[in-house]
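Novice: model this:
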Amino acid sequence: MDERCGRAGDEPTDLASDLATEYNIVEIFHSVQGEGFRAGIPHVFVRFGRCNLRCEWCDTDFDTYEVMTALDILAQVLEYPCKNIVFTGGEPMLNDLWPLSRLFHRRGYHLSIESNGTVEIPEGLLDWICISPKDQMYPNAHIKQRVGDELKCVYVGQPLSMYDDLRSGFNHHYLQPCYDEKASVEENGRSFAITEAVVKEHDDWRLSLQTHKWMGIL
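Specialist: Below you'll find the predicted structure:
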């Protein structure tokens, strides 16, 4: 038996096919959620490679990744004293996440996702769904995931009316300044100020800040 099975809990009900499923993984790390409704809660972040969109402000090199089996991922995540996981990317829904869902749920993990919404998420797959639509940059990107826990929109000057229909499917609505790592402090500061002013005029939205970047942590 592979020694990692022992580290992964050696659950007798795990399917061999689940454990052998391969994923493109950019990184796995333990940190604190820095944005949105679950900000401040420790999570293990599983960042997937590949994306079907290429936003100019994206801070992830999602084309650089390694192939890991679900067993590899499980063993690495279990090294951290944390039962909350975020699947992020890239776009995690380009993958079949059911094997990871079964493996982690069996061990009592809470599974969140941040997705651009262009792939519909099956019911029961995850515990917390955050959709961050990018149709303000890609008007032809159809948002197929219309329900979830959290709608988090990066603000680049788009009219908020474009989310009128989408908002009703989500419990929490966030507007987030566009933070561009290639931009100057002054440029990012102006983006923050503009977004704050918009939120003050639309009290049905809440401001989300990427506090992990302010703190200089992953």
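Novice: and the longest helix for the chain?
Specialist: helix 185-201 (DSSP state H).
Novice: What are the boundaries of the helices in the protein?
Specialist: Using DSSP H, helices in the chain cover 3-7, 16-20, 70-77, 98-105, 164-167, 185-201, 211-215.
Novice: by contact count, what packs against the longest one?
Specialist: Taking 3 or more C-beta pairs under 8 Å, 6 or more residues apart in numbering; DSSP states H and E as the contact definition, the neighbouring helices and strands of helix 185-201 are strand 148-155, strand 170-177, strand 206-207. From N, CA and C alone the C-beta is placed, and that goes for glycine too.
Novice: quick one, which of those strands is packed in tightest?
Specialist: Mean neighbours per residue, mean count of other C-beta atoms under 10 Å, is largest over the helices and strands packed on helix 185-201 for strand 148-155, with a mean of 22.
Novice: next one: it to chain centre, how far?
Specialist: 11 Å (C-alpha atoms, centre = their mean, to the nearest Å).
Novice: that older thread, tell me which of the helices of the chain lies nearest to residue 157.
Specialist: Closest to residue 157 of the helices of the chain is helix 185-201 (C-beta to C-beta; 7.7 Å).
Novice: Now the closest one: average pLDDT?
Specialist: Averaged over helix 185-201, pLDDT sits at 85.
Novice: rewinding a little: reformat the helices and strands packed on helix 185-201 as CSV; add mean pLDDT.
Specialist: Below are the helices and strands packed on helix 185-201 laid out as CSV (pLDDT from 0 to 100):
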stretch, mean pLDDT
strand 148-155, 95
strand 170-177, 95
strand 206-207, 94
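Novice: Export those strands as JSON lines, with columns for distance to residue 198.
Specialist: What follows is those, written out as JSON lines (distance: least, C-beta to C-beta, whole Å):
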{"stretch": "strand 148-155", "distance to residue 198": "6"}
{"stretch": "strand 170-177", "distance to residue 198": "6"}
{"stretch": "strand 206-207", "distance to residue 198": "9"}
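Novice: Quick test: name the residue nearest the centre of this protein.
Specialist: residue 114 (2.4 Å; C-alpha atoms, centre = their mean).
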